[in-house]
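Student: here's a sequence, model it:
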Amino acid sequence: MADSAQQTGRQGASQTELDELVASSDVGGRAPARPVALLIAGVALLWSLFQLWFASPIPFAVGFGVFNDTEARSIHLAFALFLAFTAFPAVRSPFQLVLGVGVPLLLTALFMIGAKPGESVWWAPLIGLGVAAAVLAGSPRERVEPWEWALTLISAAAALYLYIFYREISDRVGAPITQDMIVGVAGLMLLLEATRRALGPALMIVATVFLVYTFLGPYMPQIISHKGNSLSEVVNHQWITTQGVFGIALGVSTSFVFLFVLFGALLDKAGAGNYFIQVAFSLMGHMRGGPAKAAVVSSAMTGLISGSSIANVVTTGTFTIPLMKRVGFSAEKAGAVEVASSVNGQIMPPVMGAAAFLMVEYVGIPYFDVVKHAFVPAVISYIALVYIVHLEAMKAGMKGLPRAYEPGPLLQRLMGIVVAIIAICALSFAVYYGMGWLRPAFPDTAGYIVFGLLTAVYVALLWVASREAPLRMEDPNAPVTSLPLPGPTARAGFHFILPVVVLVWALMVDRLSPGLSAFWAACFMIFILLTQRPLLALMRGEGRLAQAVRQGVVDLLDGLITGARNMIGIGIATAAAGIIVGAVSQTGVGSALADVVAVLSGGNLMAILALTAVLSLILGMGLPTTANYIVVSALLAPVIVTLGQQNGLIVPLIAVHLFVFYFGIMADVTPPVGLASFAAAAVSGGDPIRTGVIAFFYSLRTAALPFLFIFNTDLLLIDVGWAQGIFVFVTATLAMLLFAAATQGWFLTRNRIYEAAALLLVAFTLFRPGYWMDMISPPFTEREPGAIVEAAAATPPGEALRLRVNGLDQFGDPISFVALLEMPADAAGETDGAARLEQAGVFVMERDGRTIIDDVAFDSPAQAAGLDWDQEVVRVLQPVWQPSKYLMYVPALGLLALVVLTQRRRAEAAEARGAAATA
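Tutor: Model prediction:
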């Protein structure tokens, strides 16, 4: 990096400072003496090797080293805690110091309050005071003090306790002994301290608040009060069983997330990160605001392999932000573009900042479905961000960077794109059907044949890369005379795409588990790292083969160590978030939170969603993506499900989880916390608060999408075929571009207020045409409750009656909700309404002028809808024929044409005036 890039102040932070920023937030900011540094690296390497062993089929083949899920989680957390205390020094700011000392003392008091009568907990103050004293004693960046080694070893031992005493603990589940309680108390205190070091104060505070709530339930306000839990109950729930710290979240981190993070680290170490940036820059740098568009695209590609928005900002931003400033973007706008695109990387399948794998467990659907449902909103959001950058460039009259070549005619370029798409499709079909033939033909050796073919393709692509000059990161502060050629730039790294193809193939086509898919992809990356440099040296005739082999081994070890260090924060975050999940399941605070939202919203659906969005934003502040999703999904997803059903909004669970997830990650953008905004400001030299505000406005499209797909699940490709899916994608993309134009104040020229309003109206109609059609032709007709049998007879097979039902919940409290009772498709020939209801699993009777559910069949559509005996049906909505909702596109597109016409005339008039003034 040139000297100009090393200057601080308004020119941005130095590269060293940026590396420290990433280290302090992701891999650990300590710089100890060489022996300790080697120990940390060695433990990180062992962690990566353990995770590869655990994911591989080798232990099952040799019958040795097989770990069950609980044992693996225990070892996983032990590694994370060991590295958290050794790699992350304790921050010495006054607020952090107060937290580090105060939380152990507060927990000590709680644990003593929570002890049962006659239960001796004299050891609790010793643990609390010991942790507080260690924090108070200090934690220098240059070395690991003896008391920190004590915290390191005790925390790792507490995590390993479940592995070492697995059989003994399984014999006394629910009845912890004193030894269990000592280990659990020490483990919880040290986990929270490790959380403070590795992730900052936010998650530590939230987890501590939930522990306080668990113990002091009887003293809470009535609407959220509960009976309270004793120390033995909390320790058993949070540490000794898999309900809390060692729950699903840590299990996903152990089984899936580590391998994907490791895969990303290995891919980046091989040079793929730089390759993605260079390709995006060569393809888009010539456009208006080209460097900013390249920043968006490269961040999207980097987001595929990165689980951290901050690392994404710094990795791509050191190159793209100075270039954006060179073509006319202010420091704040350049930083905001990078923030918006990097944070968007967290919603981009297949990794989604590791949240995709958690959704598999929490929503209970296959991984393929999670990716399918999340794909369209993420891609639309990125396309809209490229368009926002284009609008900003239009406003400022920016030009692109000069090309190194003259492009051919437009028709020729379009034909080239079409030919390339056809070639890729043909190759994809050939590979798909070839694999379909190969496996049955060679059942025992197919795996070896596939690896041989893959190796041949890899060597061929390396040969192509060897004909091109090696890719090097250019100095973004140096004068830019021309852009790199797209063809040579792309050819120099085609082999980096192969491991991604292997990963996607294993996930999407072979439908292997995410863990096994990432294992094979990581294995292929290990093969590439070991062979890439020697083969390129041979093909280029450079000699120095031994040096190339040695450098390949160094790259591999560095990648394995970096992957593990990148996982420290995620491992700690999933464990600490497990405390919150455990508290929710132990106290029932989820239903209490639903009551709070219900009171505040007054039962209004939009108010419920808006409140939930704001709460997700608040809870997500300062949390990494993984912990963010765990917290908002545990607390707020049930709120939407419960209150939505009570108020007539019944949506698939994946839509609810994506809703809270989108707003949770918006906290990385939004001031005053906005960690990604602060990272971008450190690179650009701009004001972090202004950067965050601008990034928030750029991210309005991401905030609008969740409200839209909650009401129009077609955007999530739920029950949508291929043809309709393409139609939905095209119309939704157009709608999002119009929304961006309206909110940015510029379409073909500067918007007038009524034009912006018209664009918003058109965008809303394209997104949700059913809103207007329901007003014109309601999809339901209301029937009296007593006419439910006649309504069932008139309902087409496969469609659902909407029933408003009054009854009692599981706690015996009155409840009112809407149930969708689907009429079985095999009832097509049945005209008797009572018989059709019986096929749906529900029997009704009249009692004192009321329609009562007399019985519900087990495992029937009625039971799935939430119906139960002795409930009262108070409203029946029967589906009726309705014209296609897409007819509403006709007036919407007519209004859009009118806006285009008026703006084009105004733009042409302004251009003519400008030409006359110049003449």
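
Student: tell me who's in contact with the closest residue to Leu231 other than its chain neighbours.
Tutor: Taking C-beta to C-beta, 6 or more residues apart in numbering as the measure, Leu231 lies nearest to Gly114, with 3.9 Å between them; neighbours along the chain are not counted. Yep, even glycine has a C-beta here, placed from its N, CA and C like the rest. Counting by C-beta atoms under 8 Å, 6 or more residues apart in numbering, Gly114 touches Phe215, Gly228, Asn229, Ser230, Leu231, Val234.

Student: need the pLDDT of Gly114.
Tutor: On the pLDDT scale, Gly114 is placed at 88.

Student: now do Ala13
Tutor: Ala13 carries a pLDDT value of 58.

Student: sorry, back to before: biggest separation within the contacts of Gly114, which pair?
Tutor: Taking every pair in those and measuring C-beta to C-beta, the maximum separation is 10.9 Å, between Gly228 and Leu231.

Student: neighbour count winner among the two?
Tutor: Neighbour count, other C-beta atoms under 10 Å: between Gly228 and Leu231, Leu231 has more, with 22 against 18.

Student: domain assignment for this protein?
Tutor: 31-251, 720-768+886-919, 781-879 (automatic domain parsing).

Student: on that earlier part again, ok, the residue nearest to Leu231 to Phe215 distance?
Tutor: Using C-beta to C-beta, to the nearest Å, we find Gly114 at a distance of 5 Å from Phe215.

Student: overlap in contacts, these two.
Tutor: Applying C-beta under 8 Å, 6+ apart, one finds that Gly114 and Phe215 are jointly contacted by Gly228, Asn229, Val234.

Student: chain center to stretch 154-163, what's the gap?
Tutor: Chain-centre distance of stretch 154-163: 29 Å, with C-alpha atoms, centre = their mean, to the nearest Å.

Student: convert it to PDB, retaining C-alpha atoms only.
Tutor: Output of stretch 154-163 as PDB, limited to C-alpha atoms (Å, rounded to 0.1, in the frame of the first residue of the first chain):
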ATOM      1  CA  ILE A 154     -10.400 -23.200  34.200                       C
ATOM      2  CA  SER A 155     -12.800 -22.100  31.400                       C
ATOM      3  CA  ALA A 156     -11.500 -24.800  29.000                       C
ATOM      4  CA  ALA A 157     -11.800 -27.400  31.800                       C
ATOM      5  CA  ALA A 158     -15.400 -26.300  32.600                       C
ATOM      6  CA  ALA A 159     -16.300 -26.700  28.900                       C
ATOM      7  CA  LEU A 160     -14.700 -30.100  28.800                       C
ATOM      8  CA  TYR A 161     -16.600 -31.200  31.900                       C
ATOM      9  CA  LEU A 162     -19.500 -32.600  29.800                       C
ATOM     10  CA  TYR A 163     -17.000 -34.600  27.700                       C
END
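
Student: any chance you could list what contacts that stretch?
Tutor: 70-71, 73-75, 77-82, 84-85, 169, 183-184, 186-187, 190-191, 194, 239-240, 246.

Student: mind running it again at 7 Å?
Tutor: 70-71, 74-75, 77-78, 81-82, 85, 169, 183, 186-187, 190, 194, 246 (C-beta atoms under 7 Å, 6 or more residues apart in numbering).

Student: check which helix or strand Lys293 maps to.
Tutor: Taking DSSP states H and E as the criterion, the element that holds Lys293 is helix 290-303.

Student: check which helices and strands that helix sits against.
Tutor: Here helix 290-303 touches helix 272-284, helix 309-326, helix 331-344, helix 367-396, going by 3 or more C-beta pairs under 7 Å, 6 or more residues apart in numbering; DSSP states H and E.

Student: pick the most buried one from the ones you listed.
Tutor: Ranked by mean neighbour count, these are led by helix 331-344 with a mean of 30 (mean count of other C-beta atoms under 10 Å).

Student: and the angle from that helix to helix 290-303?
Tutor: Per axes from the mean of the first three to the mean of the last three C-alpha atoms, to 10 degrees, the angle that helix 331-344 makes with helix 290-303 is 30 degrees.

Student: average pLDDT for helix 331-344?
Tutor: Helix 331-344 carries an average pLDDT of 85.

Student: what's the first-to-last distance across stretch 531-547?
Tutor: The first and last residues of stretch 531-547 sit 12 Å apart, counting by C-alpha to C-alpha, to the nearest Å.

Student: sorry, wrong one. I was asking about stretch 742-753.
Tutor: 9 Å.

Student: roughly how far out does it sit from the chain middle?
Tutor: That offset, for stretch 742-753, works out to 32 Å (C-alpha atoms, centre = their mean).

Student: ok, stretch 763-778 next?
Tutor: Offset of stretch 763-778 from its chain centre (C-alpha atoms, centre = their mean): 30 Å.

Student: can you pull out the helices in the stretch 701-850 of the chain?
Tutor: Assigned helices in the stretch 701-850 of the chain, in chain order: 722-744, 753-767, 769-776, 788-794, 833-840 (criterion: DSSP state H, counting those that start in this stretch).

Student: tabulate the ones you listed (CSV), appending mean neighbour count.
Tutor: As requested, the helices of the stretch 701-850 of the chain are exported to CSV (neighbours: other C-beta atoms under 10 Å):
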stretch, mean neighbour count
helix 722-744, 19
helix 753-767, 20
helix 769-776, 15
helix 788-794, 21
helix 833-840, 20
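
Student: show me what counts as buried in the helix or strand hosting Gly100.
Tutor: Following DSSP H and E, one finds Gly100 within helix 94-114. Within helix 94-114, the residues that qualify as buried are Gln96, Leu99, Gly100, Val101, Val103, Pro104, Leu106, Leu107, Thr108, Leu110, Phe111, Gly114, counting by 16 or more other C-beta atoms under 10 Å.

Student: now the fourth one. Nearest residue, chain neighbours left out?
Tutor: Yep, that's Val101 we're talking about. Ala132 (4.6 Å).

Student: mind listing what that neighbour touches?
Tutor: Val101, Pro104, Leu105.

Student: Val459: which of these is nearest?
Tutor: Top of the list for closeness to Val459, among the contacts of Ala132 and by C-beta to C-beta, is Pro104 at 57.0 Å.

Student: burial count for Ser255?
Tutor: Ser255: 23 neighbours (other C-beta under 10 Å).

Student: so the residue nearest to it when sequence neighbours are not counted: helix, strand or coil?
Tutor: Nearest-residue entry for Ser255: Gly515, 4.7 Å, with adjacent residues in sequence omitted and distances by C-beta to C-beta, 6+ apart. Assigned with DSSP: H, G, I helix; E, B strand; the rest coil, Gly515 falls in the helix class.

Student: my read is that Gly515 contacts Leu259, right?
Tutor: Yes: under the criterion of C-beta atoms under 7 Å, Gly515 makes contact with Leu259 at 5.9 Å.

Student: with neighbour numbers in mind, choose between the two.
Tutor: Ranked by neighbour count (other C-beta under 10 Å), Gly515 and Leu259 place Leu259 first, with 28 against 20.
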